[in-house]
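J.: Next one to model:
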Amino acid sequence: MKRAVILLTVMAVVVIAAGMAISASSGTPGTTSSKVVKDPITETYKLTPESSGNYRHPAVAEDSKGNRLVIFRGPEGNQYYYTYCEKGGTWTPPKSIAGGNQPSLTRSLYAYIKVDSTDRFHCSWEDANSAVYASFRDGVWTTPIKPGLAGRYDLTSSLAVRSDDEVVTADCEVQGLSKDIWLHAKGRNETQFRSPKNVTRDFEGSTQPCIAVDSKDNSWVVWKSDYPLPNDPLADNLVIYLGQFDKNYNDGDIDWLPVSYNPGWAFLPQVAVNTEDKVMAAWAQSTSGQYMSRLYDPATKTLGPIISLNIGLNVAPWHTFFSKMATHGKDFYMAAMSPARILFLLKFDEQKSQWTQVAQVSDRSVEMMSLSSGYDRMLVAWNSFEEPTGVYLTTVEVDPLIPPTKLLTIQTGPGGTTNPSPGTYTHPTGSIVDVTAIPGFPYEFTSWTGNASGSVPTITVTLDEDKTIKANFRYLVQPAVNITVQRKVERGFFNAIYFNIVSWEANPLNNAQVVTISAQRIYRKLRTETNTQWARIAEVSGTTMTYVDRNVSNKGLDYVYAVSCLDSNGNESLYY
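T.: Alright, predicted model coming up:
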């Protein structure tokens, strides 16, 4: 994989926008949908218009087809907008989600997008008073709804999608002095969220939740405590906790595991789960002025050391603590801001227990960002800090994802089936599968096509990629039926001539297949010669249905007959 070189100075790059060359070092953004090539592995797009500002707080995701969706707060401050780009296409102009038919918020702050197995985008956005959810697919939005908690929301509302496409959100509700984390769930065919479950029960003033799910659909939640650890005499703590909950919200193998410094002030935690079900927690640690992280391995129940991302914090205002984390296969990535508000993408090296900078994402100061994984790109949506603020998308090339499974599609032509039967099957990547072609009567197997070849009925398929194979069969032309023999004699003055009149009918199977019979061959042998090969005695046209065998020299000879058929390609049927 290529690696970006992190530049300490802003590079001058060329943007083709409305026929003009614009220098990126000038700080002038490109037009909507314009592309800024920053270096060989990053591309930046400006998604909002030049003519107006106050677009901010974006979220981004990509579906399995490569289509991308970005949502962001509009100029009004309480409505959300979106722009969409089909793979290989261009970005649509910003449009209000669901035509503006969305619950109004005081001032939208944070947004999340996750994609399910059907390529539906699930979106949530929120402020300190409530949260809104809607989903998007094929250009259509569902009606936005509020999951709904009785009290006031406190940063932040986050979202995840389970393997059965159930959406689960984690929210903080403030009731007086109580702060609790609640989980909401909504099934694929449900239009409303079910009753929420309080998973922290006012444990140490829980707030600022973030949620991710593992391959078993367990929920992993991190949150910030506003109070010190139990039995801790030091009161100066804001501690990050990690909790695990099963699909029914019961406590999992760990229960409120502290992961951050003690003492210390920690803020705005993030959590992600990779394809190995390892869990990474990350947060901003104001007491050390750094972003921190910690890896937890559920298989060994091992909590790794606290590791710095080596990017200092800009501690004023507080929301520059904000960072985003996502997984790409088994790799963990973070998007985090430097004290100068420049955005960087980092990758975790588990062998070395350190974070390394992959790319500089922004060429100007940043306010908020979102991070998501595509097939071969990490996607970072961000909004600029200086007014008028605009929304940008930067993509950074990474190794393509290796899907954990591959698809084997088995097809057949007419006349047969296969074992396994025709259909599409999911197998682990690298699986070896035997497939056998089984002809039906009256067909024979001829060949494999698609991602297979040869004429051997049983083949072995290695699923290093999605593959489609097809078994092909050929109709076997059938012999004539209902053969009858009339024995005749012609008597002369001194001798007799013996002959047989052979008659037959066309095979209805040939008629059903609309097979053209080009010729027919007559075979005979003595009835008593059961082990003797048939002898061909004549060939007639395809439409002839009788033949006179005059080569019968002895009235005592008892012959039996067979009639084969030849198709237009010269293929001859069996005749015995």
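J.: Run a quick neighbour tally on residue 339.
T.: Residues contacting residue 339 under the criterion other C-beta atoms under 10 Å number 12. For the C-beta atoms, the positions are set from N, CA and C on the backbone; glycine is no exception.
J.: Surely it is in contact with residue 290?
T.: No. Residue 339 is beyond contact range of residue 290, at 10.7 Å (criterion: C-beta atoms under 8 Å).
J.: Between those two, which contacts overlap?
T.: In terms of C-beta atoms under 8 Å, 6 or more residues apart in numbering, residue 339 and residue 290 are both contacted by the residues 312, 313.
J.: Please export the C-alpha coordinates of stretch 253-260 as CSV.
T.: The C-alpha coordinates for stretch 253-260 follow below in CSV (Å, rounded to 0.1, in the frame of the first residue of the first chain):
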residue,chain,number,x,y,z
ASP,A,253,-18.3,-10.3,30.1
ILE,A,254,-17.1,-6.9,31.3
ASP,A,255,-19.0,-4.3,33.4
TRP,A,256,-18.0,-0.7,33.4
LEU,A,257,-14.2,-1.1,32.9
PRO,A,258,-12.3,2.1,33.4
VAL,A,259,-9.8,2.7,30.6
SER,A,260,-8.5,6.2,31.0
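J.: How is this structure partitioned into domains?
T.: What the record gives for the chain is the domain set 154-322, 405-475, 481-567, from automatic domain parsing.
J.: Please state the offset of the longest one from the chain centre?
T.: Yep, that's domain 154-322 we're talking about. 26 Å (C-alpha atoms, centre = their mean, to the nearest Å).
J.: give me the beta-bridge partners of residue 240?
T.: Listed by DSSP bridges, the beta-bridge partners for residue 240 are residue 224.
J.: neighbours around it, how many?
T.: By other C-beta under 10 Å, neighbour count at residue 240 equals 29.
J.: need the contact list for it.
T.: Neighbours of residue 240 in contact, by C-beta under 8 Å, 6+ apart: 222, 223, 224, 225, 258, 259, 260, 266, 269, 281, 283.
J.: Over to residue 405?
T.: Contacts of residue 405 (C-beta under 8 Å, 6+ apart): 426, 427, 428, 429.
J.: Among the residues you listed, which are located in strands?
T.: Under the assignment DSSP state E, those contribute 426, 427, 428 to strands.
J.: Tell me the one among those residues nearest to residue 105.
T.: Nearest to residue 105 among the ones in strands among the contacts of residue 405: residue 426, at 41.0 Å, using C-beta to C-beta.
J.: What are the boundaries of the strands in the stretch 201-350 of the chain?
T.: Counting by DSSP state E, counting those that start in this stretch, one finds strands in the stretch 201-350 of the chain at the ranges 206-213, 219-225, 237-238, 240-245, 257-258, 264-273, 279-285, 290-297, 302-303, 307-312, 324-328, 331-337, 343-349.
J.: Between those strands, which one is closest to residue 62.
T.: Smallest distance to residue 62 across the strands of the stretch 201-350 of the chain (C-beta to C-beta): 11.1 Å, for strand 324-328.
J.: could the strands of the stretch 201-350 of the chain go into CSV alongside mean pLDDT and distance to residue 482?
T.: Output for the strands of the stretch 201-350 of the chain, formatted as CSV (pLDDT from 0 to 100; distance: least, C-beta to C-beta, whole Å):
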stretch, mean pLDDT, distance to residue 482
strand 206-213, 92, 70
strand 219-225, 92, 74
strand 237-238, 76, 95
strand 240-245, 92, 76
strand 257-258, 90, 85
strand 264-273, 91, 72
strand 279-285, 95, 77
strand 290-297, 96, 77
strand 302-303, 94, 81
strand 307-312, 93, 87
strand 324-328, 97, 71
strand 331-337, 96, 73
strand 343-349, 96, 78
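J.: For residue 448, find the nearest of those.
T.: Closest among the strands of the stretch 201-350 of the chain, using C-beta to C-beta: strand 324-328, at 35.9 Å.
J.: So, low pLDDT: which residues of the protein?
T.: Scanning the chain for pLDDT under 70 picks out 1-40, 107-108, 128, 150-155, 202-204, 227-236, 262-263, 315-320, 576.
J.: So which residue is smack in the middle of it?
T.: residue 64 (3.9 Å; C-alpha atoms, centre = their mean).
J.: any chance of the strands of the stretch 201-350 of the chain in JSON lines, plus distance to residue 464?
T.: Output for the strands of the stretch 201-350 of the chain, formatted as JSON lines (distance: least, C-beta to C-beta, whole Å):
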{"stretch": "strand 206-213", "distance to residue 464": "28"}
{"stretch": "strand 219-225", "distance to residue 464": "32"}
{"stretch": "strand 237-238", "distance to residue 464": "49"}
{"stretch": "strand 240-245", "distance to residue 464": "35"}
{"stretch": "strand 257-258", "distance to residue 464": "39"}
{"stretch": "strand 264-273", "distance to residue 464": "26"}
{"stretch": "strand 279-285", "distance to residue 464": "29"}
{"stretch": "strand 290-297", "distance to residue 464": "29"}
{"stretch": "strand 302-303", "distance to residue 464": "33"}
{"stretch": "strand 307-312", "distance to residue 464": "35"}
{"stretch": "strand 324-328", "distance to residue 464": "20"}
{"stretch": "strand 331-337", "distance to residue 464": "21"}
{"stretch": "strand 343-349", "distance to residue 464": "26"}
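J.: of these, which approaches residue 75 most closely?
T.: Using C-beta to C-beta, these put strand 343-349 closest to residue 75, at 22.6 Å.
J.: Tell me which residues of that closest one come out buried.
T.: 343, 344, 345, 346, 347, 348 (16 or more other C-beta atoms under 10 Å).
J.: swap in stretch 505-521?
T.: 506, 507, 509, 510, 513, 515, 517, 519, 520, 521.
J.: ok, those residues vs residue 414, which is closest?
T.: Closest approach to residue 414 among those (C-beta to C-beta): residue 513, at 9.5 Å.
J.: mind checking the SS state of the residue nearest to the residue nearest to the centre of the chain when sequence neighbours are not counted?
T.: In space, and not counting its chain neighbours, residue 64 is closest to residue 119: 5.7 Å by C-beta to C-beta, 6 or more residues apart in numbering. Applying DSSP: H, G, I helix; E, B strand; the rest coil to residue 119 yields a three-state assignment of coil.
J.: hmm, back to that, out of the buried residues of stretch 505-521, name the two that are farthest from one another.
T.: Going by C-beta to C-beta, the pair spanning the buried residues of stretch 505-521 furthest: 513 and 521, at 19.5 Å.
J.: and residue 70, what are its phi and psi?
T.: When read as degrees, to the nearest 10, the backbone of residue 70 gives phi -130, psi 130.
J.: contacting residues for the residue lying closest to it once chain neighbours are set aside?
T.: In space, and not counting its chain neighbours, residue 70 is closest to residue 60: 4.8 Å by C-beta to C-beta, 6+ apart. By C-beta under 8 Å, 6+ apart, residue 60 lies in contact with 68, 69, 70, 113, 370, 371, 372, 379, 380, 381, 393.
J.: isn't the first one right up against residue 58?
T.: Yep, that's residue 68 we're talking about. No. Between residue 68 and residue 58 there is no contact under C-beta under 8 Å: 11.8 Å.
J.: what helix or strand is the residue nearest to residue 571 when sequence neighbours are not counted on?
T.: Distances taken as C-beta to C-beta, 6+ apart place residue 477 nearest to residue 571, at 5.7 Å, with adjacent residues excluded. For residue 477, there is no enclosing helix or strand under DSSP states H and E.
J.: now stretch 410-420: how far from the chain's centre is it?
T.: With C-alpha atoms, centre = their mean, you get 28 Å for stretch 410-420.
J.: And for stretch 99-111?
T.: Distance, centroid of stretch 99-111 to centroid of chain: 29 Å (C-alpha atoms, centre = their mean).
J.: Flag every buried residue along it.
T.: Buried, per 16+ other C-beta under 10 Å, within stretch 99-111: 102, 105, 108, 109, 110, 111.
J.: Show the contacting residues for the fifth one.
T.: Put plainly, it is residue 110. 57, 125, 126, 155, 156, 157, 158, 368.
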